[in-house]
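In: Sequence and predicted model, in that order:
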Amino acid sequence: MNLVVLKIINNINALLDDLEKKLDDSIKDRVLLPIDRIILKKLQNTDVNIIQNTYLELYKTMTLFPPKLNENKFIYGKICEKIIINLMKRFTTCSELDTLCASGSSYKYDIKIFHRNYSIKCMKQKSSIILINKNYSNRHTLDDMSFMIMNISKGRLYIFTYSKQYSMYVKDTPSCIRFKSSLFTHLDKTPHNYFDFSKDQIALQKINNLLPIDIHNHIYKTFIS
């Protein structure tokens, strides 16, 4: 081979090697890893103070607006959803889908990260969890839906995309579609399905001393009377 041509080829290879080294980690991740795994990796690399403060916000919401009361379920769910979205915004560009709706809210999904939409759900502890309220239509599917499901008491955020392997953990009724609690026992067996929050135990003890807010009286006394 001509020495000049060989030198050119070597220079090109050297340039390609240099370019590969300079590629941003997030670009490499998008090529090599599914989106769920990218998000989990980003969470693992997020500053511990951000992680602890996020968990305190989730725990405080659960304490002030206990979801066992019907009047709290919507407020608790929407606040926890907002907290998780704010966490995602710390390390990636994402779209809050409710803000893109001309009226009402986004159905099924709450946040878009890269090209994938996620439904965000929270539970106080491991339990069955409603994914879709069917309302006026029975045409619903979980195929390829992606989820972020937070178990607040455990401090664990599950991030995964539905596939047929999870069908045994789905309960489909005339009114809703839900995951059975046994799904989370299954997901717990594989660490790449979840992220565990680090916790500030002293701050959590202070939150435990707070009393739940009587939301109806609070609204009345603050805004009406």
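Out: Ah, there it is.

In: Quick one: mean pLDDT over the strand ranked longest in the chain.
Out: In the chain, taking DSSP state E as the definition, the longest strand is strand 116-123. The average pLDDT within strand 116-123 is 94.

In: swap in stretch 214-225?
Out: On average, stretch 214-225 scores 91.

In: which other residues reach it?
Out: Applying CB atoms under 8 Å, 6 or more residues apart in numbering, the contact partners of stretch 214-225 are F65, E71, N72, I75. Yep, even glycine has a C-beta here, placed from its N, CA and C like the rest.

In: Wait, the first one touches L211, no?
Out: Which is F65. No: here F65 lies out of contact with L211, judged by CB atoms under 8 Å, at a distance of 11.6 Å.

In: The two: which is more packed in?
Out: Shown here are F65 and L211; by other CB atoms under 10 Å, F65 has more neighbours (21 against 7).

In: Quick one: residues contacting the more buried one.
Out: So F65 contacts N72, I75, Y76, I79, P212, I213, I215 (CB under 8 Å, 6+ apart).

In: which one of those is nearest T141?
Out: Lowest distance from T141 to the contacts of F65 (CB to CB) belongs to Y76, with 27.1 Å.

In: wait, the closest one sits on P67?
Out: Yes: Y76 lies in contact with P67 (CB under 8 Å); the separation is 4.7 Å.

In: How confident was the prediction at N45?
Out: Confidence score, pLDDT, at N45: 94.

In: how close does the nearest residue to it once chain neighbours are set aside sit to M148?
Out: Nearest residue to N45 in three dimensions, chain neighbours excluded: F91, at 7.7 Å (CB to CB, 6 or more residues apart in numbering). Per CB to CB, to the nearest Å, F91 is found 14 Å from M148.

In: Repeat that for E71.
Out: Note on E71: its distance to M148, by CB to CB, is 25 Å.

In: re the thing from before, F91 and M148: which is more packed in?
Out: Taking F91 and M148 together and counting by other CB under 10 Å, M148 has the greater number of neighbours (24 against 16).

In: Show me how far the helix or strand harbouring that one is from its chain's centre.
Out: Using DSSP states H and E, M148 sits within strand 146-151. Put simply, strand 146-151 sits 5 Å off its chain's centre (CA atoms, centre = their mean, to the nearest Å).
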